[in-house]
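In: Quick one, what's the 3D model for this:
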Amino acid sequence: MAVRIIVFVLTLVWTLGLAGQEATSTGIDWRPELAKALKEAKDGNRPLMVAFVLRAEPANERLCAEHFLDPEIVALSREFVCVLALGTYASPDATAGTRGSDALIAALAGKMTAKQIAKVEIDARMEWMDSPTVSAPQFLFVRPDGSSILLRHVWMLEKRELLHKMHKALHFFDPEHALPQALVEDFKAESDLVAQLLLESDDNNMKTRRDAMKQLADHDDPRVVDFLIAQTHAEVDQAKRLEAIDVMGKEGGAKFLPRLHEMLKKERGYQVRTNVADALRRIGMVESVQPLLDVLKSEKKSQVRSLLLRALMVCGGTRDEVQKEIEKVLLRGDELDQVTIMSELTKVAWDDRYEKGLAKCLKANDSKVRVAAFWLAGTHKVESARKPMKMRLSSEKNSARSACAWALQALGEEVAEAGEDPSKEITDALPSASF
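Out: Next comes the predicted model:
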């Protein structure tokens, strides 16, 4: 059976300079409308590939300039129906682009108008990501039904690896797809290994099962996703559910995000919720920011909230909506929320917008909150904290007194008694997921 793939390249870029102009594609034949492309996929029984690329970022622009114009990739794209959408995704880490980049993107866009570009990007982002922000570069391969994921890759990859994954996607959809001879043995070996690991991952011996599952997550095979998702269902033994969530929470575990987000919203079990939050923290992708913020609004258990906040900081600590949440917690959060946030803030660059919240925590009734505040102030040498800490030192006791002295010494103050770094005391006090 002849198989073709629709390639949705959702190139997330600034569109400055594109309005009103059309360009001619010199490579991939892009389709300009998502709805028509979806219909073409369904009617023609063709899978889809979705790729997100961010403009004004070196790795993403290199992908546009090299990968999408590479003769081998262009040749393989003739087996696909391709759709390119250029959006208006403003990343806090992106810099203002150059006119040269606009010209490159315009050349890639073919005859798509600026209005078509914007509409396809919005439609496709909401179709598959349900997020205002997308990690890029990112590729999705999707079955003709438009929802079942065959393969997902996040972050930069070399041209040879992209070709490899394109062939993989074709092969996953249709095992009769003619692979290049150089890949035949590799694909068969990997398929056989995945089959063996799947058997071992369902073993009753815990060590055998866990060792196999840890290896599974590194493979693109859609059987892996199907198996691990099935292991997280409510009717499965709790220990096996937690093991599957643990395996999903690996760097590069983007293919598991939809299921993890679903569990985050719907799961009522305390242990599963904490482990899902920790898995999202370890994956660390910006797509998780909104689901985490949504769940935080209603989460009552302080231990779960702590893990949700840690995940939120890792996934989007520089984003404005997250920084607003941080400010709110420092000013009005409960004690464990405040300790968690201040612990996470010691790991990132200081932002003066948190000074007001820090000042309040320095005067908190709870000694653990004060210790965390002393740790934060000393780590970043926050000058505004110097005076209130000098005033508090004589009245503090035990570990709070030691932490206050340590922070003042970090600020260059001469203190009669030696202080002790409070980092271990605070990190040991934070809840963790259990597997």
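In: Contact partners for Ala277?
Out: Ala277 makes contact with Leu264, Leu292, Val304, Leu307, Leu308, Arg310, Ala311, Ala433, according to C-beta atoms under 8 Å, 6 or more residues apart in numbering. C-beta: built from backbone N, CA, C; applies to glycine.
In: how near is the first one to Glu61?
Out: Taking C-beta to C-beta, to the nearest Å as the measure, Leu264 falls 33 Å from Glu61.
In: Same question for the last one.
Out: With the distance defined as C-beta to C-beta, Ala433 ends up 37 Å from Glu61.
In: Could you do the fourth one as well?
Out: Using C-beta to C-beta, Leu307 is found at 36 Å from Glu61.
In: More neighbours: which of the two?
Out: Higher neighbour count among Leu307 and Glu61: Leu307, with 26 against 21, using other C-beta atoms under 10 Å.
In: element containing the more buried one, please.
Out: Secondary structure assignment for Leu307, by DSSP states H and E: helix 302-316.
In: other SSEs contacting that helix?
Out: Counting by 3 or more C-beta pairs under 8 Å, 6 or more residues apart in numbering; DSSP states H and E, the packing neighbours recorded for helix 302-316 are helix 270-283, helix 289-296, helix 320-332, helix 335-345.
In: Let me know which of these is the nearest to Leu54.
Out: Among those, the nearest to Leu54 by C-beta to C-beta is helix 289-296 (15.9 Å).
In: Run the angle between that closest one and helix 335-345 for me.
Out: Between helix 289-296 and helix 335-345, the angle comes out at 160 degrees (axes from the mean of the first three to the mean of the last three C-alpha atoms, to 10 degrees).
In: buried stuff in helix 289-296?
Out: Within helix 289-296, the residues that qualify as buried are Val289, Gln290, Pro291, Leu292, Leu293, Val295, Leu296, counting by 16 or more other C-beta atoms under 10 Å.
In: Would you map the strands across the protein?
Out: Secondary structure of the chain, counting by DSSP state E: strands at 5-12, 30-31, 48-54, 80-87, 138-142, 149-154.
In: Starting from the fifth one, tell me which strands it pairs with and how they run.
Out: Right, strand 138-142. Strand 138-142 pairs in its sheet with strand 48-54 (antiparallel), strand 149-154 (antiparallel), by DSSP bridges.
In: for those strands, which one ends up most surrounded?
Out: Mean neighbour count (mean count of other C-beta atoms under 10 Å) peaks for strand 48-54 among the strands paired with strand 138-142, with a mean of 26.
In: quick one: average pLDDT of that strand?
Out: Per-region confidence: strand 48-54 scores 79 on mean pLDDT.
In: How about stretch 133-153?
Out: For stretch 133-153, the mean per-residue pLDDT is 86.
In: before we move on, what about stretch 73-87?
Out: Across stretch 73-87, pLDDT averages out at 76.
In: How about stretch 411-419?
Out: 91.
In: buried residues in it?
Out: Judged by neighbour count using 16+ other C-beta under 10 Å, the buried positions of stretch 411-419 are Leu411, Val415, Gly419.
In: and Leu257, how many neighbours?
Out: A count of neighbours around Leu257, defined by other C-beta under 10 Å, yields 22.
In: If I look at it, what pLDDT would I see?
Out: With respect to pLDDT, Leu257 has a value of 94.
In: Count the residues that sit near the residue nearest to it when sequence neighbours are not counted.
Out: When the adjacent residues along the chain are set aside, Leu257 lies closest to Glu287, with 5.9 Å between them (C-beta to C-beta, 6 or more residues apart in numbering). A count of nearby residues for Glu287, using other C-beta under 10 Å, gives 23.
In: likewise Asp43?
Out: Under the criterion other C-beta under 10 Å, the count of neighbours that Asp43 has is 9.
In: Was I right to think Val371 contacts Asn398?
Out: No: distance between Val371 and Asn398: 9.5 Å, which falls outside the contact criterion (C-beta atoms under 8 Å).
In: and the two? which has more neighbours close in?
Out: Comparing Val371 with Asn398 by other C-beta under 10 Å, the one with more neighbours is Val371, at 29 against 9.
In: Now do the same contact list for the residue lying closest to the more buried one once chain neighbours are set aside.
Out: Closest residue to Val371 in three dimensions, ignoring its sequence neighbours and counting by C-beta to C-beta, 6+ apart: Ala403, at 4.5 Å. Contacts of Ala403 were listed using C-beta under 8 Å, 6+ apart, and they are Arg370, Val371, Phe374, Trp375, Gly378, Gly419, Glu420, Pro422, Glu425.
In: The residue nearest to Asp421 when sequence neighbours are not counted and Thr208: what is the separation?
Out: Counting by C-beta to C-beta, 6+ apart, Trp406 is the residue found nearest to Asp421 once chain neighbours are left out, at 5.8 Å. Computed with C-beta to C-beta, the distance linking Trp406 and Thr208 is 47 Å.
In: Neighbour count: these two, which is higher?
Out: A side-by-side neighbour count of Trp406 and Thr208, using other C-beta under 10 Å, places Trp406 first with 23 against 14.
In: ok, now how distant is the more buried one from Asp334?
Out: For Trp406, the distance to Asp334 (C-beta to C-beta) stands at 25 Å.
In: again with Lys159
Out: Relative to Asp334, Lys159 is positioned 51 Å away (criterion: C-beta to C-beta).
In: For the strands paired with strand 138-142, give me JSON lines that also has distance to Val276.
Out: Listed next are the strands paired with strand 138-142 as JSON lines, based on distance: least, C-beta to C-beta, whole Å:
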{"stretch": "strand 48-54", "distance to Val276": "24"}
{"stretch": "strand 149-154", "distance to Val276": "18"}
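In: dump the residue contacts of the residue nearest to the spatial centre of the chain.
Out: The residue at the geometric middle of the chain, judged as the C-alpha nearest the mean C-alpha position with C-alpha atoms, centre = their mean, is Met285 (1.1 Å). Counting by C-beta under 8 Å, 6+ apart, Met285 makes contact with Ser135, Val154, Ala254, Leu257, Cys315.
In: nearest to Ser77, of those residues?
Out: The closest of these, once distances to Ser77 are taken by C-beta to C-beta, is Val154, at 20.6 Å.
In: How much space separates that closest one from Ala217?
Out: Here the distance between Val154 and Ala217 works out to 14 Å (C-beta to C-beta).
In: Name the helix or strand of the protein that has the lowest mean pLDDT.
Out: Of all the helices and strands that make up the chain, strand 5-12 has the lowest average by mean pLDDT, DSSP states H and E, namely a mean of 46.
In: Show me where this protein dips below the pLDDT cut-off.
Out: Per-residue confidence of the chain (counting by pLDDT under 70) places the weak regions at 1-26, 55-56, 85-111, 435.
In: so where's the longest helix in it?
Out: Once the chain is assigned using DSSP state H, the helix that runs over the most residues is helix 181-201.
In: residues of that helix that come out buried?
Out: Phe187, Ser191, Val194, Leu197, Leu198, Glu200, Ser201.
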